[in-house]
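In: no sequence for this one, just the structure:
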């Protein structure tokens, strides 16, 4: 197979833009999956993409643009390549603490039910289900890059 044929079989890169707010994650996922529909992802792949994007987007809505702040733009750039979906999420909200990704460690579940943490599993899931996770803050913009290894087909 020539390189030109392989590139022609790829889904065209696309951008989804939403404004942060209570329904932003739901709207963004709907728009992303509309664009991804030609890939006919299987149930496991669909669930992985949905979980990773939902966790990352929820972090943007809750932490980059917390309710006390004005809402702002969220851009999701997606390129389909042989090794999966290359995703970049961008926002102009608050920076990550120390301009670094959280460690995303799994909390111990070997505690009493009442002592289980309410949250904190998101970054573990993002890092566990995706690859090449990078965060940068550039020109007042948060940029989260990651790759979700879904099968190549169309």
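Out: That came through, no problem. Predicted model, so just to flag it, every value in this text is computed and none were measured. Numbers count the residues shown, from 1 in each chain.

In: quick check, pLDDT for residue 71.
Out: For residue 71, the pLDDT comes out at 89.

In: that one is in contact with residue 23, isn't it?
Out: No: here residue 71 does not reach residue 23: they are 10.9 Å apart, not a contact under Cβ atoms under 8 Å. In short, each C-beta sits where N, CA and C put it, glycine included.

In: for the lengthiest helix in the chain, packing partners?
Out: The longest helix of the chain (DSSP state H) is helix 43-59. Contacts defined by 3 or more Cβ pairs under 8 Å, 6 or more residues apart in numbering; DSSP states H and E place helix 43-59 against helix 24-36, strand 73-81, strand 84-91, helix 122-129, strand 141-148.

In: picking that back up, the more surrounded of residue 71 and residue 23?
Out: Ranked by neighbour count (other Cβ atoms under 10 Å), residue 71 and residue 23 place residue 71 first, with 15 against 12.

In: by mean pLDDT, flag the weakest helix or strand of the protein.
Out: In the chain, the helix or strand scored least confidently by mean pLDDT, DSSP states H and E is helix 3-8, which has a mean of 42.

In: how many neighbouring residues does residue 24 have?
Out: Considering only other Cβ under 10 Å, residue 24 is surrounded by 19 other residues.

In: could you check how far the closest residue to residue 94 other than its chain neighbours is from residue 25?
Out: With sequence-adjacent residues excluded and distances taken as Cβ to Cβ, 6 or more residues apart in numbering, residue 94 is closest to residue 64, at 5.2 Å. As judged by Cβ to Cβ, to the nearest Å, residue 64 and residue 25 stand 13 Å apart.

In: same check on residue 121?
Out: 16 Å.

In: the two: which has the busier surroundings?
Out: The residue with more neighbours, out of residue 121 and residue 25, is residue 25; 22 against 15, by other Cβ under 10 Å.

In: can you pull the contacts of the residue positioned nearest the centre of the chain?
Out: For the chain, the residue nearest the mean C-alpha position is residue 53 (3.2 Å; Cα atoms, centre = their mean). Counting by Cβ atoms under 8 Å, 6 or more residues apart in numbering, residue 53 makes contact with 28-29, 32, 76, 87.
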